[in-house]
Structure formats: structure tokens, C-alpha cells
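*Asks:* Quick one: sequence and predicted model below, then my questions.
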Amino acid sequence: MTTSSYRTPGNVYHRFLKQFWYLYICGSYIALTDCLKDLFRKAPVIDVQKYGRRTDEVVVMTGGSNGIGVGIVKKLLELDYTIILGVQSMAKGEKQIADIRKLGITSGRVKLLSLDLKSLYSVRQFTKEVLSCREGKRIDMLVNNAGFVNSFYEKTQDNYESIFQVNYLSHFLLTNLLVPRMKETATKKNEPCQITFTSSCAQRGAHIDFDELETTKVYSSAKRYGDSKLCLTVHAKTLQKKFRQEGINIHTYACHPGAIATNLWHNLGVIAGLLHPIANLVFRSTDDAACVVLYPSLTPGVGNKLGGEYFESGKAVPPNKQVDLPEVQKRLWERSLELTQEAN
């Protein structure tokens, strides 16, 4: 399904000030401190020797065709998982898997299914296909990895701002639709299932404004990106609380992969794009980032104590203060339900 570009909210001057503040002031400070932290903290190592083969287990994943996602797919295949991968372009997805196989990784299996996160209808169709296919009879892990940022303002077919929908709202719906199958899987194997949201340190400088949740009065791609990642981090915490209250054996995590030079940089603006070559020299590799994202889900016992927490480099750390506010958790949950039902 297609999306539509609209007149960008806010005048040029106010948009410039907002983008400059969130990207070049807040963003630069957060990125610099994150890079400095990464100099002193190593990414956890995930390999078959340490974690064993997961031959019969199934992972549903978004965002496996670019950047961090490619590293995650490689790691999961090395561990012999079956991956149900949602892709916007089947041709691109097939090429990416073929490229991974050329690296000599022969274990694991991948089933590609069409998924457009700019369409809630597509999300519903994707989950129907997952639940009806042979591979989807069990779901041991859900990796909500897909991320998106646009330098220009765009609305989806559902009439929501695109960064908010792709990064957060579509994953909210997708997760809710797959939780019943994950609950069944956890009961049958008598072990917890895992849900991972790829968050970002950008959530630290973000703030959820419920008057501008699915739209905005003055557009800034950096602001929208940070807010969407904060929504994901809040959602991980909210889901875990609900699972514990209802006795559901599923653990959730929000994971910042670390400072990585992915193609997202090019979409943040001209200056950020020019800094991309420098970032390649100092930032974490996508393979290391994949280990960071997968570590809580794959490591036994982590979820029992730290389910719902925000992770950096394999350790739970304090997130944005809004994440732990019950009123924010409740309001975001209820509003997200409304938005996904309105687009039914």
C-alpha cells in the first residue's frame, strides 16, 4: 500500500530550530556519550558453543534486510533457528538471505512473508499468514527490529505520521496479534518465550506528548524518531507488567544496539549524511549490535529478574523517566489500542 506526502507541519524557521535542537544538540550529545561508553563496554558474544543449537525453535522478525537486522538474521541462522521474516520487498529479502548463505552459514531456515509497516492492514495480513503457516505453529521469539526515519514529512494510508507508525504503532499491533500463539508455545514447552524491541539511546532525549502522538504540529524527523523509540521502550515495560499480572510466561526487553553507522543516517539530513563515513570508523559493527539486541532473549534467567527493562550492551540501565510512569504506560496503551482499532 502507498503512503502520501503532505504539507510539512510548521513553518521553515520553527522546523529548522526543532530539528537543530533534537538532532545536532541533543542528538550529538547522546551519540557522543554513547560512543564513549562503547569504548569501555564490549558487546556480548553469542555463538553456538555458548548458546547451543535451537533447531526446533521459531523466531518472527521484522527489519531483517538492512543494517542491524542482517546481523541478527546471521546470528539466528548460526544458532539454527527457523526465522519467519517480514519484508517489504521479497526480491531484496531473497537477495539478502542468498548473500548470507554465501558467507558459509548453512544452518537454520528462513521463510519470507510480505510486510509493509506503513499499513496496519498489511500487519494484520502478515500475522494471519504467520499463524496459518506450518512454521508459525509455534513462536519462541519475536524480534521487533524494523526502524525507519524520514527527512521529509509523510503520512501513511492509515493517516498517521510514518515514523511513529513504522517504528512503534505497527509493532504494537503485530505484537498483540502474535502474543496468544507465544503464550501457547510457552505453556507447551514450559519455558518462557521472548519479545525484543530494538530501541535507541535517542529515547533518552525524547518526550511523549499525547497531543502530538500520531501526528505533529512542527515536524522534526529526529524528534519523531526519538519519540517512537521511547514509545517502544514504554511498551516493553507495560507488556511485561501485564504478562506478570496475568501469569503469562513471556519476557520483554527494549534493547539499544549501540552506536552503529547504518543507512538511517542518510535520512536524518545533509550534515548527518556527511558524518556517515566518520561514523563507520568509530561505531559498533552490525554483528556486534546483533549480539547486543539478542543477548537478553537468548541468555537464560535474564527475563526472570529483568523482563521489561531497557538494555545497553547486555546490561539493564535506567531509561527515560517517562518509561516508569504508570500514567504514561496506561495512556499509551489505551491510545495505541484506539489508533489500531480506528484503522480496522
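*Replies:* Sure, I can see it.
*Asks:* how about the helices of the stretch 151-300 of the chain, start to end?
*Replies:* 162-164, 170-189, 221-246, 270-274, 276-282, 286-298 (DSSP state H, counting those that start in this stretch).
*Asks:* what's the last one in contact with?
*Replies:* Spelled out, it's helix 286-298. 43-46, 51, 67-68, 70-72, 74-76, 79, 141, 143, 145, 194-196, 198, 251, 253, 255-258, 260, 262, 284, 302-303, 306, 311-314 (C-beta atoms under 8 Å, 6 or more residues apart in numbering). All C-beta spots, glycine's among them, are computed from the backbone N, C-alpha and C.
*Asks:* same thing with the shortest one?
*Replies:* Helix 162-164 is contacted by residues 3, 118, 148-150, 154-156, 213-214, 221, 224-225, 227-228, 231 when judged by C-beta under 8 Å, 6+ apart.
*Asks:* Report the buried members of the contacts of helix 286-298.
*Replies:* Neighbour counting by 16 or more other C-beta atoms under 10 Å classes 43-44, 46, 51, 67-68, 70-72, 74-76, 79, 141, 143, 145, 194-196, 198, 251, 253, 255-258, 260, 262, 284, 302-303, 306, 311-314 among those as buried.
*Asks:* which ones are touching the closest residue in space to L306 that isn't next to it in sequence?
*Replies:* Spatial nearest neighbour of L306, excluding adjacent residues (C-beta to C-beta, 6 or more residues apart in numbering): A316 at 4.7 Å. Taking C-beta under 8 Å, 6+ apart, we find A316 in contact with 306, 309-310.
*Asks:* can you do 10 Å?
*Replies:* For A316, the contact set (C-beta atoms under 10 Å, 6 or more residues apart in numbering) comprises 253-254, 296, 302, 305-310.
*Asks:* Which ones among those map onto helices?
*Replies:* Using DSSP state H, the members of these that fall in helices are 296, 302, 305-306.
*Asks:* tell me how far stretch 161-170 is from the chain's mean position?
*Replies:* 11 Å (C-alpha atoms, centre = their mean, to the nearest Å).
*Asks:* quick one: terminal-to-terminal distance for it?
*Replies:* With C-alpha to C-alpha, to the nearest Å as the measure, the first residue of stretch 161-170 is 12 Å from its last.
*Asks:* let's number from 34 now, not from 1
*Replies:* Got it, the first residue is 34 from now on, which makes the last one we talked about stretch 194-203.
*Asks:* mind putting the helices of the stretch 184-333 of the chain in a markdown table, distance to V91 included?
*Replies:* Listed next are those as a markdown table, based on distance: least, C-beta to C-beta, whole Å:
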| stretch | distance to V91 |
| --- | --- |
| helix 195-197 | 29 |
| helix 203-222 | 8 |
| helix 254-279 | 19 |
| helix 303-307 | 37 |
| helix 309-315 | 34 |
| helix 319-331 | 13 |
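*Asks:* Nearest to G141 among those would be which one?
*Replies:* helix 319-331 (13.6 Å; C-beta to C-beta).
*Asks:* Quick one: closest of the helices of the stretch 184-333 of the chain to Q158.
*Replies:* helix 203-222 (10.6 Å).
*Asks:* For the closest one, the averaged confidence score.
*Replies:* For helix 203-222, mean pLDDT is 99.
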